[in-house]
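**Student:** Fold the following, please.
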Amino acid sequence: MAPPLKPIITICGTTGVGKSKLAIELALHIAKRASSGASSTSSWPWRGARIINADSMQVYRGMDIITNKVPESERHGVEHALMSFKNPGEQYVVGQWVQDALAVIDETHKRKEIPIIVGGTSYWIQHLIFPGRLSKSTPFTARESTSSSSSPSPSEVVPLSADLQNALSLLPQNLQDLWLNLPDVPFSAAEEPKSAMDLHQLLSGLDPDVASRWHWCDTRKVFRSLGIIKEMGRRPSEIIKEQSEEDVKPRHRFRTLCFWLYAEPDVLNPRLDARVDDMIKQGVLEELQELHDLTQSPSSSEADYTLGIYQSIGYREFHTYLSLPPSQRTAESFTQATDLMKLSTRQYAKRQIKWIRNTLLPAAYGHKDMVKPYLLDATELGEAWDVNVLGKGVGVTEGKGNTATLPRPFSLSPTAARLLDVPTKTTNPHSTLLARRKTTCPICTTDPQQPVMIEEGKEWERHVKSRSHRSLAGKGRREAEAKAGMEEKREARRRAREELERVGEGKEVGGGLREVLAG
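**Tutor:** Numbering: from 1, shown residues only. Below is the predicted model:
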């Protein structure tokens, strides 16, 4: 009989909602309970808690303001692991974080402490809770190479399956050459659209099922899929299908208490705007200037907004402003950059909620015996926080040792009842892959090298109802009708000429026939 799974606590939610505050308060409560002697009982064996960072931007050293790290003075001595240990610009992907987090969790359990995993990168938390979704090999990253070719050495090559070898042989020569010389990093679709499209066409030729999942502009995911083929010698879709078959009997790593910290958008958005203003007062502009200077140094290539800390909200928004000479930086351009940063922050919060409801919650409901999701309403602060967030969070945490004493998630608040009620969705990876295919819109695609790709289903339905699509479709119909009219006129003239030849040139031609020939 397998030993019982050990517990973890996860805290997810939008940016600026108070996730780190709750994590620290829970950790302090657990430590206080342990010091009071409660840990001597068999039902509460924990001596304390340790926070593990699950924010993809807070793994980087420095840049504490732009990444919204909790200052040391506000951590109250609670240890934070996997924070500030990577260099800016260094790539650190989900598979690497999961392996590092598992090691820290194991060490934390051995110390008789509860791991509290907290951060806004919800898909990191999801891959930690639900194993088997990632390639079982090491992450595909850029290879160290001093030559101009990025081809791996013979010892690194994994032979392709016979089916893949055949598929590769049928591709155009330029795509075969691209396969042999994949770049160290993915192309930028904005700067090199043709190269990005070639990358997608290469994947389409090798694994059409996975290629149809990714937009051609999403070069990181296309590149990652090609990397899996390089590593494994197999199609990613085949690996996903195998993982789906393994999912018939769900596997679990931990007993997970999942807190979703939520605040109503009409209340949260002004807080987010105010936080941007506070960040500017604290000196975020100096951090952004430092990042900007790194990309301008002779040893650095142009920053990729999709890699490393350059993904942080603020860098892209202030890039134009910081690119100007100091004498040309106006108050108006500063205000524009600030407003862009506020807008991006609000949009990011909206996407985070969408991810939790559409992806994380359905996955949790598919493993409800081992994953318990609870929404804590952080709309109101002050005393309301102590009651609605900390108080209820502590109550659920203390009941974690006995499932029978845990409250029903829907019962915590009307907001919880409303937002935790999500439609049942398949969590089978292969079914999800097939259900989220992208298709090219022939009407809106004006350049075959840059096709307009839309996800099938609701996204496609919205697209065909959009003003731009209907406008182009109407234009296409008018052009088709005009073309059809011209064809009819040509056909009428052809028949008239044939009639003329039949009756003979010496005979009088009827007026109607003359009009057709003249038209």
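**Student:** contacts, neighbours, all on C-alpha from now
**Tutor:** OK.
**Student:** Surely residue 11 forms part of a strand?
**Tutor:** Yes: under DSSP: H, G, I helix; E, B strand; the rest coil, residue 11 falls within a strand.
**Student:** Quick check: it vs residue 356, distance?
**Tutor:** 12 Å (CA to CA, to the nearest Å).
**Student:** neighbour count winner among the two?
**Tutor:** For residue 11 versus residue 356, neighbours defined as other CA atoms under 10 Å are more numerous around residue 11 (25 against 20).
**Student:** which residues does residue 226 contact?
**Tutor:** Counting by CA atoms under 8 Å, 6 or more residues apart in numbering, residue 226 touches residue 203.
**Student:** So for the spatially most central residue of the chain, what's the nearest residue that isn't a sequence neighbour?
**Tutor:** Geometric centre of the chain, nearest residue: residue 123, 7.5 Å, by CA atoms, centre = their mean. Once flanking residues are discounted, residue 123 sits nearest to residue 360: 7.7 Å by CA to CA, 6 or more residues apart in numbering.
**Student:** Look at that neighbour and report its pLDDT.
**Tutor:** For residue 360, the pLDDT comes out at 91.
**Student:** Likewise for residue 247?
**Tutor:** Note for residue 247: predicted pLDDT of 54.
**Student:** Could you give me the buried positions within stretch 62-81?
**Tutor:** By 16 or more other CA atoms under 10 Å, the buried positions in stretch 62-81 come out as 62, 63, 64, 65, 66, 67, 68, 69, 75, 78, 80, 81.
**Student:** then stretch 315-322 to PDB, C-alphas only?
**Tutor:** Only the C-alpha atoms of stretch 315-322 are listed here, as PDB (Å, rounded to 0.1, in the frame of the first residue of the first chain):
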ATOM      1  CA  TYR A 315       9.600  47.100 -20.100                       C
ATOM      2  CA  ARG A 316       7.800  47.000 -23.400                       C
ATOM      3  CA  GLU A 317       5.500  49.900 -22.400                       C
ATOM      4  CA  PHE A 318       8.400  52.200 -21.500                       C
ATOM      5  CA  HIS A 319      10.800  51.000 -24.300                       C
ATOM      6  CA  THR A 320      10.000  53.800 -26.700                       C
ATOM      7  CA  TYR A 321      10.300  56.400 -23.900                       C
ATOM      8  CA  LEU A 322      13.600  55.100 -22.700                       C
END
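**Student:** what about that stretch, average pLDDT?
**Tutor:** 91.
**Student:** Quick one: distance of that stretch to the chain centre.
**Tutor:** Taking the mean of its C-alpha atoms, stretch 315-322 sits 22 Å from the chain's own mean (CA atoms, centre = their mean, to the nearest Å).
**Student:** just stretch 232-244 next, same as before
**Tutor:** On CA atoms, centre = their mean, the centre of stretch 232-244 falls 21 Å from that of its chain.
**Student:** for stretch 5-21, same thing?
**Tutor:** Here stretch 5-21 is found 19 Å from its chain centre; the criterion is CA atoms, centre = their mean.
**Student:** pLDDT of that stretch, averaged?
**Tutor:** 96.
**Student:** and if you look at stretch 256-265?
**Tutor:** Summarised as a single mean, pLDDT over stretch 256-265 is 97.
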